[in-house]
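1. What shape does this take:
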Amino acid sequence: MTTRLDHIAQQRRQKLERLRKRGIDPYPSGYSRSHTTRQALELLEKQEKKGTKRATGVSLAGRLTAMRKMGKTSFADLRDGFGKLQLCFYKDRLDEKTLELFQDLDIGDIIGASGKLFRTKTEEPTLDVEDFTILAKSLQPLPEKWHGLVDVDTRYRQRYLDLIANATAREVFQVRSQVIAAIRQFLNKRGFMEVETPVLQPAAGGALANPFTTHHNTLDQDFYLRIALELHLKRLIVGGFDKVYELGRIFRNEGVSTQHHPEFTMLETYEAYANYNDVMAMLEEMISSVSQEVLGTTKIQFGKDKINFKPPWQRITLRDAVKEYSGIDFVTHPTADGLREKMRSLKIEVDPKKNWAKLVDELIKDFVRPKLIQPTIIFDYPLSMSPLAKTKPGEERVVERFQAIAGGLEIANAYSELNDPLEQRERFEEQLKDRQAEDEERWSIDEDFLLALEYGMPPTGGLGVGIDRLVMLLTDQPAIREVILFPQLREKEK
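-> Reported below is the predicted structural model:
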C-alpha cells in the first residue's frame, strides 16, 4: 500500500527527472559562496551602520527549511552550518527558466542563491534573490513535525534529521566540540603532549570491564578493543615523556543506561613527579576554565540544580562519605560476608555473588553519588578497589585515589600511580584470584606493561575524565545518548 510519504517521495523523483531533462544537474560538484549566513548578517549590520539600506551582493548556500509562496512574492528560509537567513523571490524578476526551477523546489533542497541583503518591513534580514541554483535535490520529505523532532528513536537513528530539525541538538554538539578544543588548549599550555595509543590490544588491561574481542586474520591473533588508555600511556612516562594525554574512544561490552554507553570518550593525562593532590588541583582548574571558556561562566544549570565549578571543590574521604550517606562504616566490616550482613540489616538489597570491593562500590553508586550535586572530590579508597594506585603512606589498606562527582555523575577518576613493578604484579595476580569464574569483567595481566615498570617509572599522577558525562553537565542533558552523535542502538526489526 502506497503511503502519503511514498507519494511525496515519488513526486520529488519526478521533479528530479524534469530537472535532468531540462539539462540541469541536480547534484553539481560545487558552489562558490561568498558568505555564510552569519557573515551575511554581520555584513548587513555593518552596511546599516554606514547608512546604506542595501548591502553589497553576496552568494549563500544551504538547505531550504521553510517556503512561503505568496503570489508574486515568495519567501523561504535558508539554513547553513552557521545560522538561518530569509530569502525573497520576486517572481517578476525571474526569467522563465529560473521561475520553472523555482516551481520544482521543495523543503529540504540544498540551493545556492545570490543577491543583495536588506530588511523587510518587519525588520527581518533577507536576501533579495537575483539568481539561484540547485545544489542537491532532496528526495525524502522531512518528518511531519520536523520543526522540533521529538521521537527519540528517530532522533538517535537518524541523527542528521535531529540536527536539521532541532537547534538544541546542534548547539549540544557544537559545545561538545568546543569543550574538547578547550581541554586540549588547557593541557597544551601546561606542557602536556597529545599522543595516540592502540585501540586493538592483546591484553584487556587498565580497568575491570568486559571487553569486545576481534580477530586479526594476517597475524592469526585475537585482540581486545581497549577498555582503558592507561597502560600504554604509562609506558610513555617510562620512556621519558613527562606529561602526556590522550582523548580516545573506549569500548566496554557492558550495559546501557542514561550514564553508560558501550563506546565512549575518555581523557587520560599522566604527569611525572606529580601525585593525586597535584591532579586534584589541576582537575578543578581545568573544568572551571573549560566551563568559563566555552559557556562564559563557571555556573551551570543541570536539571533542577545550579552547579558552580569554581574552585575549591568540596573534599571528603570515601569512608566519611559512605558513612554519612548510607550509615555504614565499611572499615568496621572488612569481609564481604560482614558487609553484606550489615547492608541487609539496613534493608539494602545485596547481590550474594559480589565481593567486598563491589559491595562498597554499590554503596557509592546508590547512596553517595546521587547526593553530591556540587563538584566534590572523594578521596582515599580501599586498596582492594584500586589495583593500579599507590598505597597512602602509613595506611596499608588505603590508596591515593580520588573520584570527582558533580550533578550526581562521576566525571573523573585519578591516582597516584603505582610504580613498584613487583607490587603491581602481586596486585594483578590477586585480582585474578578474587575474580569470580562467572564474572564478565576481565583483568588480563599485561606482561609487557610489567616489564616496562621494571625499567623504572617515576612517581606519576594519572587522571581519567569522562568527556561524555562532562558534556552532559555542561549542556544540561539527562542522558549520555544526547551527547553522542551516533549512539549504539538495537537493530530495528524489519
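
2. What are the boundaries of the strands in the stretch 101-250 of the chain?
-> Per DSSP state E, counting those that start in this stretch, the stretch 101-250 of the chain carries strands over the ranges 110-119, 125-136, 193-194, 200-201, 213-216, 221-225, 243-251.

3. For the fifth one, what is the distance to the chain centroid?
-> The gap between the average C-alpha position of strand 213-216 and the chain average comes to 26 Å, counting by Cα atoms, centre = their mean, to the nearest Å.

4. and that strand, what does it pack onto?
-> Using 3 or more Cβ pairs under 8 Å, 6 or more residues apart in numbering; DSSP states H and E, the elements in contact with strand 213-216 are strand 221-225. For the C-beta atoms, the positions are set from N, CA and C on the backbone; glycine is no exception.

5. Just the buried residues of the strand it packs on, please?
-> Across strand 221-225, burial judged by 16 or more other Cβ atoms under 10 Å covers 223-225.

6. With distance to residue 367 as new columns, can the strands of the stretch 101-250 of the chain be given to me in TSV?
-> Below are the strands of the stretch 101-250 of the chain laid out as TSV (distance: least, Cβ to Cβ, whole Å):
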stretch	distance to residue 367
strand 110-119	53
strand 125-136	54
strand 193-194	38
strand 200-201	35
strand 213-216	35
strand 221-225	33
strand 243-251	27
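
7. so which of the ones you listed gets nearest residue 186?
-> Taking Cβ to Cβ, strand 243-251 is the member of those nearest to residue 186, at 10.1 Å.

8. Can you point out the buried residues in the helix or strand that comes right after that closest one?
-> As assigned by DSSP states H and E, the chain's next helix or strand after strand 243-251 is strand 263-272. Counting neighbours by 16+ other Cβ under 10 Å, one finds that the buried residues in strand 263-272 are 263-272.

9. Of the residues you listed, just say which sits nearest to residue 89.
-> Taking Cβ to Cβ as the measure, residue 265 is the one of the buried residues of strand 263-272 closest to residue 89, at 44.3 Å.

10. Give me the spatial nearest neighbour of that closest one, chain neighbours excluded.
-> Spatial nearest neighbour of residue 265, excluding adjacent residues (Cβ to Cβ, 6 or more residues apart in numbering): residue 467 at 4.1 Å.

11. Am I right that that neighbour is in contact with residue 180?
-> Yes. Applying Cβ atoms under 8 Å as the test, residue 467 and residue 180 come out as touching, 6.8 Å apart.

12. Please say which of the two ends up with more neighbours.
-> The neighbour count for residue 467 versus residue 180, taken as other Cβ atoms under 10 Å, is higher for residue 467 (21 against 18).

13. Can you tell me how far the closest residue to residue 302 other than its chain neighbours is from residue 457?
-> Excluding the flanking residues, the one nearest residue 302 by Cβ to Cβ, 6+ apart is residue 407, at 4.4 Å. Residue 407 sits at a distance of 34 Å from residue 457 (criterion: Cβ to Cβ, to the nearest Å).

14. quick one on the thing from earlier: what does the residue nearest to residue 302 show for phi and psi?
-> Dihedral pair for residue 407: phi 60, psi 20, per degrees, to the nearest 10.

15. can I get the CA coordinates of the longest strand seen in the chain in PDB?
-> Secondary structure of the chain per DSSP state E: the longest strand is strand 57-70. The C-alpha trace of strand 57-70 is given here as PDB (Å, rounded to 0.1, in the frame of the first residue of the first chain):
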ATOM      1  CA  GLY A  57      25.900  41.400  -3.300                       C
ATOM      2  CA  VAL A  58      26.500  38.100  -1.600                       C
ATOM      3  CA  SER A  59      26.200  34.400  -2.500                       C
ATOM      4  CA  LEU A  60      24.800  32.000   0.100                       C
ATOM      5  CA  ALA A  61      24.300  28.200   0.200                       C
ATOM      6  CA  GLY A  62      22.300  26.000   2.400                       C
ATOM      7  CA  ARG A  63      19.200  23.900   3.000                       C
ATOM      8  CA  LEU A  64      15.600  25.200   2.500                       C
ATOM      9  CA  THR A  65      13.900  24.700   5.800                       C
ATOM     10  CA  ALA A  66      10.600  26.600   5.000                       C
ATOM     11  CA  MET A  67       8.800  28.000   2.000                       C
ATOM     12  CA  ARG A  68       6.000  30.600   1.900                       C
ATOM     13  CA  LYS A  69       4.600  31.100  -1.600                       C
ATOM     14  CA  MET A  70       2.500  34.200  -1.700                       C
END
